[in-house]
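Visitor: Here is my input; please provide its structure:
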Amino acid sequence: MKRALFIAAFVVAAAGLSTLLYFQWRAPGKKESKRRGKKGSIAVEVATVKTGTIISKARYIGSLMPRSQFIVAPQIGGRLSQLKVRIGDKVKPKQLLAIVDNEEVIQQVEQALAEVRVARAQLDEQNARLVNARAEYRRELALAKKRLNTPAQREKTESSYKVEAAKVRVIQAQLAQKRSLLKAARVRLSYTKIYAQWVSRPLTPAQTRAL
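Guide: Next comes the predicted model:
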């Protein structure tokens, strides 16, 4: 009886030991992880401590604004034919910045100049006629004093002299008008050139400190 109980106990113990060994064999990850955790290491970089200057760098997006600015506005309309400066260039007072298409204005100047020359030639011609009419009128006055002509002849020469003098005044007025047109055309031609126009003056000490 005792022998049978001993055999039964031995069988139960053997079965329990076999079961324990089986489960330990099925779960080796825990022991392996523990084993790796004990033996593993983390690589780090080692350097000598040094002193130096730390520079702070940053990147910004914005717009640059000048200390002074002015609006470029031509006094005559037209197509921009030439641009003498670019963005960022330094500009001085009275510097030529751009030129507006001026072919039409140049033609107007040339036409006005031609009309002035024609009117001047007409005035010269009319002055010559006036000189002749004045001489004829004075001759008739001299003859009238000697009673060598009739009143009708004297009145005729006087009338001719006055007519020629009136023509001279008309041509003089026309010439003045032509000259005014020429001057206006030249002014329009000057408007086709755009200059940097501003008054340059030294800054006061207060303004310098403000800058």
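
Visitor: What about residue 100, how many residues nearby?
Guide: Residue 100 has 18 neighbours, counted by other C-beta atoms under 10 Å. No exception for glycine: its C-beta is placed from N, CA and C like everyone else's.

Visitor: and residue 195, what are its bridge partners?
Guide: Counting by DSSP bridges, residue 195 is bridged to residue 96.

Visitor: List the residues that contact it.
Guide: 94, 95, 96, 97 (C-beta atoms under 8 Å, 6 or more residues apart in numbering).

Visitor: which residues of the protein fall in strands?
Guide: 80-83, 96-100, 193-195 (DSSP state E).

Visitor: What pairs with the first one, parallel or antiparallel?
Guide: I take that to be strand 80-83. Going by DSSP bridges, the partners of strand 80-83 are strand 96-100 (antiparallel).

Visitor: Report the buried residues of the partner strand.
Guide: 97, 98, 99, 100 (16 or more other C-beta atoms under 10 Å).

Visitor: cool, stretch 146-163 as well?
Guide: 149, 154, 157, 160, 161.

Visitor: Any figure for the gap between the residue lying closest to residue 83 once chain neighbours are set aside and residue 76?
Guide: Of all residues not flanking residue 83 in the chain, residue 98 sits nearest, at 5.0 Å (C-beta to C-beta, 6 or more residues apart in numbering). Residue 98 sits 12 Å away from residue 76, going by C-beta to C-beta, to the nearest Å.

Visitor: burial of the closest residue to residue 102 other than its chain neighbours, as a residue count?
Guide: Among residues not flanking residue 102 along the chain, residue 192 sits closest, at 3.8 Å (C-beta to C-beta, 6+ apart). Neighbour count for residue 192, taken as other C-beta under 10 Å: 22.

Visitor: next one: stretch 131-148 to chain centre, how far?
Guide: 71 Å (C-alpha atoms, centre = their mean, to the nearest Å).

Visitor: Can you show me the CA trace of it as PDB?
Guide: Taking C-alpha atoms only, stretch 131-148 is exported to PDB below (Å, rounded to 0.1, in the frame of the first residue of the first chain):
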ATOM      1  CA  VAL A 131       9.300 150.700 -96.800                       C
ATOM      2  CA  ASN A 132       8.400 151.300-100.400                       C
ATOM      3  CA  ALA A 133       4.900 152.500 -99.500                       C
ATOM      4  CA  ARG A 134       6.300 154.900 -96.900                       C
ATOM      5  CA  ALA A 135       8.800 156.200 -99.400                       C
ATOM      6  CA  GLU A 136       6.000 156.700-102.000                       C
ATOM      7  CA  TYR A 137       3.800 158.400 -99.500                       C
ATOM      8  CA  ARG A 138       6.600 160.800 -98.400                       C
ATOM      9  CA  ARG A 139       7.300 161.600-102.000                       C
ATOM     10  CA  GLU A 140       3.600 162.500-102.600                       C
ATOM     11  CA  LEU A 141       3.700 164.700 -99.500                       C
ATOM     12  CA  ALA A 142       6.700 166.600-100.900                       C
ATOM     13  CA  LEU A 143       5.000 167.000-104.200                       C
ATOM     14  CA  ALA A 144       1.800 168.200-102.500                       C
ATOM     15  CA  LYS A 145       3.800 171.000-100.700                       C
ATOM     16  CA  LYS A 146       4.900 172.200-104.200                       C
ATOM     17  CA  ARG A 147       1.400 171.700-105.600                       C
ATOM     18  CA  LEU A 148       2.700 169.200-108.100                       C
END
